[in-house]
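Novice: One predicted model, sequence on top.
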Amino acid sequence: QEDLLTMSSKSTCLVAPKLLPQLEYSVHSCTPRFQKQLVEVFGPGVDYDKLLIIPTFAAAQVDLVDISPQAEAEKDRLLHSFLDWANSKCKALTAQGFWADYTDPCSGYPALGERFTSYYPDAIGAQMLLRYELIDTGCCKILSHPRWGTKMYPATMFTTAPLDVLLPILDDTAPAPAPAAQAP
């Protein structure tokens, strides 16, 4: 994913980092250069002119750089928490007719849609969008969050929904869907 490393960060931050009980998120539109890269991740069926990128971060109880049973258990806990959260948000968005997906934080490939020729690197993407520090360890890139350092779990969601639809869903303030009519 060297292309993302060399891109200038000209994406527009539409929603500054916002802390929820479960995680922190921000919302970004993406530049034509980001769009070009994301076509290789999600394929040609997405309206990239409307695409929003939602980097998320969950605070960890231990430093996730550590190689220990505690760090591995925390990674698993945070992975499953993100998967549950992202699945519910994507389901709510697609129910309203919008495209939504997230990348598997372990592989970088789309979780709901078809895999294409590339993957999305959460740490590099967050560094480009938010200018968070990226630590190069030689074998991998580690993101350092300004509040939590390396005691956090990054993951990313994507959608074509407009902000007025997206934000109530992300913030859990969207009205509940009307119950289905009961047959007499």
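Specialist: Thanks, I have the structure now. Numbering: from 1, shown residues only.

Novice: Just the pLDDT for residue 138.
Specialist: Residue 138 is assigned a predicted lDDT (pLDDT) of 72.

Novice: With the one 10 residues further on instead?
Specialist: The predicted structure scores residue 148 at 92 on the pLDDT scale.

Novice: Next: residue 125.
Specialist: Looking at residue 125, its pLDDT reads 90.

Novice: Tell me which stretches of the protein form helices.
Specialist: 2-6, 32-42, 69-95, 122-130, 163-170 (DSSP state H).

Novice: For the second one, list every residue counted as buried.
Specialist: Residues of helix 32-42 classed as buried by neighbour count (16 or more other Cβ atoms under 10 Å): 33-34, 37-39, 41-42. Every residue, glycine included, has its C-beta placed from N, CA and C.

Novice: Give me the distance from that helix to the chain's centre.
Specialist: 15 Å (Cα atoms, centre = their mean, to the nearest Å).

Novice: Pull that helix out as CSV, backbone CA atoms only.
Specialist: Output of helix 32-42 as CSV, limited to C-alpha atoms (Å, rounded to 0.1, in the frame of the first residue of the first chain):
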residue,chain,number,x,y,z
PRO,A,32,-9.5,11.6,-6.2
ARG,A,33,-6.2,10.0,-5.3
PHE,A,34,-7.8,8.2,-2.4
GLN,A,35,-10.7,7.2,-4.7
LYS,A,36,-8.3,5.7,-7.2
GLN,A,37,-6.7,3.6,-4.5
LEU,A,38,-10.1,2.5,-3.0
VAL,A,39,-11.3,1.3,-6.4
GLU,A,40,-8.7,-1.4,-6.0
VAL,A,41,-10.2,-2.3,-2.6
PHE,A,42,-13.9,-2.2,-3.2
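
Novice: how long is stretch 130-150 end to end?
Specialist: Distance across stretch 130-150, first residue to last, is 15 Å (Cα to Cα, to the nearest Å).

Novice: give the contact list for the nearest residue to residue 27 once chain neighbours are set aside.
Specialist: In space, residue 27 comes closest to residue 15 once its chain neighbours are excluded; the distance is 3.9 Å by Cβ to Cβ, 6 or more residues apart in numbering. Residue 15 makes contact with 25-27, 163, 167 under the criterion Cβ atoms under 8 Å, 6 or more residues apart in numbering.

Novice: Residue 137: which of those residues is nearest?
Specialist: Of all the contacts of residue 15, residue 26 has the smallest distance to residue 137: 24.9 Å, by Cβ to Cβ.

Novice: isn't that closest one right up against residue 12?
Specialist: No. Assessed by Cβ atoms under 8 Å, residue 26 is found out of contact with residue 12, at 11.1 Å.

Novice: Now distance to residue 113 too, for the helices of the chain, in TSV please.
Specialist: Converted to TSV, the helices of the chain look like this (distance: least, Cβ to Cβ, whole Å):
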stretch	distance to residue 113
helix 2-6	19
helix 32-42	6
helix 69-95	10
helix 122-130	17
helix 163-170	18
